[in-house]
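[1] Sharing a model prediction with you, sequence too.
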Amino acid sequence: MSKIIAITSGKGGTGKSSICSELGFSLAKQGLRTLIIELDFGLRCLDIMLGVKNDVKYDLGNVLKGEIDVTKATTQVKMAENLFIVCAPEDPFAKVDAETIKSICNEMRKYYEYIIVDTSAGTNASVFDVVEQSDLILINTTPDPVCVRDARTMSDEFYKRGNKKQRLIINKVNPDLFRAELITDFDEIIDTVGVQLIGVIPDDDAVIIATSRGEPLPNNSLAFKAFDAISKRLQGEDVPLSFKVLLS
């Protein structure tokens with residue numbers, strides 16, 4: 001049985017899709033069969049980020065219309081032989097319910113060790129309903145105070161619904177935000193959101209370059225090392241959290 005991980009954020013622009021693509025790549029690179037299911041309808045981007053925009057024949061929209069089975073809507077990512085994706089519909093008005101996503105995930109559990117669900121951003125009811133069937137929720141925020149507050153709103157709602165298996169990713173960490181004293185330290189963010197930290201990702205231009213080109217992150221980049229560490233923590237490895245290099 002695979003582990004279903006929902007990646008979500010309370011606000012757009014936090015880099016949620018980049019996290020989905022790079023975390024999926026990291027897991028696949030470690031030999032784990034990984035599937036990404038993209039649910040950001042009308043805002044499809046993971047096909048570009050993963051370098052398969054010309055390879056996608058079918059997407060989730062075809063599945064929802066009953067035209068094909070979800071296995072046929074799955075596209076293999078060339079940069080990692082163990083990584084696959086079901087792309088979101090290009091139609092922004094396509095409809096999906098939580099039970100359908102749950103059924104799709106349960107069907108695909110037979111074939112993959114990790115299923116990453118890329119939810120839409122924001123605190124709408126459909127997001128909360130969709131992630132309820134997940135084994136783990138990764139809430140993504142940046143150090144920006146507005147994003148941190150929105151992440152807290154999401155976390156509170158998950159807790160109200162009984163979803164205690166949450167972890168926090170702090171993305172786009174730029175030392176200038178700390179020097180300007182907009183955020184004093186990571187503990188402040190963690191305490192505000194109220195969720196245990198699983199990883200910190202630097203504001204690294206290598207991410208923008210790699211996802212724009214549909215190429216892997218360079219192994220020597222700070223972002224690659226951060227994603228690699230998070231993927232190992234997901235598997236239960238004891239990888240220490242270290243922030244000094246990010247704030248230098």
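    Happy to help now that I have it. Residues are numbered from 1 along each chain as shown.

[2] ok, L23 - contacts?
    Neighbour list for L23: 7, 116, 227, 230-231 [criterion: CB atoms under 8 Å, 6 or more residues apart in numbering]. In this view, the C-beta of every residue, glycine as well, is placed from N, C-alpha and C.

[3] Throw the residues you listed into JSON lines and include distance to K110, secondary structure and pLDDT, thanks.
    Converted to JSON lines, those look like this (distance: CB to CB, whole Å; DSSP: H, G, I helix; E, B strand; the rest coil; pLDDT from 0 to 100):
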{"residue": "I7", "distance to K110": "22", "secondary structure": "strand", "pLDDT": "93"}
{"residue": "I116", "distance to K110": "17", "secondary structure": "strand", "pLDDT": "96"}
{"residue": "F227", "distance to K110": "26", "secondary structure": "helix", "pLDDT": "95"}
{"residue": "I230", "distance to K110": "26", "secondary structure": "helix", "pLDDT": "96"}
{"residue": "S231", "distance to K110": "22", "secondary structure": "helix", "pLDDT": "95"}
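
[4] What's the per-residue pLDDT of V245 here?
    Reported pLDDT at V245 in the predicted model: 48.

[5] what about E38, distance to V130?
    12 Å (CB to CB, to the nearest Å).

[6] and of the contacts of L23, the nearest to P89?
    Looking at the contacts of L23 and their distance to P89, the nearest is I116, at 17.9 Å (CB to CB).

[7] Nearest to D144 among the contacts of L23?
    For the contacts of L23, the nearest to D144 is I7 (18.1 Å; CB to CB).

[8] Could you list everything the nearest residue to that closest one once chain neighbours are set aside pairs with in the sheet?
    Counting by CB to CB, 6 or more residues apart in numbering, L138 is the residue found nearest to I7 once chain neighbours are left out, at 4.7 Å. Beta-bridge partners for L138, by DSSP bridges, are I7, R167.

[9] L138: neighbour count?
    26 (other CB atoms under 10 Å).

[10] Now do the contacts for it.
    Each residue near L138 by CB under 8 Å, 6+ apart is listed here: 5-8, 19, 166-169, 198.

[11] Quick check: D228 touching L27?
    No. Applying CB atoms under 8 Å, one finds D228 not in contact with L27, separated by 9.7 Å.

[12] So for those two, which sits in the more crowded spot?
    L27 (29 against 21).

[13] Touching, I116 and S21? I think so.
    No. I116 is not in contact with S21 according to CB under 8 Å; the separation is 9.1 Å.

[14] Just put the contacts of L138 in CSV and tack on neighbour count and distance to I190.
    Below are the contacts of L138 laid out as CSV (neighbours: other CB atoms under 10 Å; distance: CB to CB, whole Å):
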residue, neighbour count, distance to I190
I5, 25, 20
A6, 28, 20
I7, 23, 18
T8, 27, 17
I19, 24, 17
Q166, 22, 12
R167, 17, 11
L168, 23, 6
I169, 26, 11
I198, 19, 11
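
[15] Which pair of these spans the longest distance?
    Going by CB to CB, the pair spanning the contacts of L138 furthest: I19 and Q166, at 14.9 Å.

[16] What about L83? Give its phi and psi, please.
    phi -110, psi 130 (degrees, to the nearest 10).

[17] What sits closest to it if chain neighbours are left out?
    L83 sits nearest to A28 (CB to CB, 6+ apart), 3.7 Å away.

[18] and the helix or strand where E107 lies, average pLDDT?
    Using DSSP states H and E, E107 maps to helix 98-108. Averaged across helix 98-108, pLDDT comes to 87.

[19] Buried ones in it, by neighbour count?
    98, 101-102, 104-105, 108 (16 or more other CB atoms under 10 Å).

[20] okay, those residues in JSON lines with distance to P92 next?
    Output for those, formatted as JSON lines (distance: CB to CB, whole Å):
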{"residue": "A98", "distance to P92": "19"}
{"residue": "I101", "distance to P92": "17"}
{"residue": "K102", "distance to P92": "23"}
{"residue": "I104", "distance to P92": "20"}
{"residue": "C105", "distance to P92": "23"}
{"residue": "M108", "distance to P92": "24"}
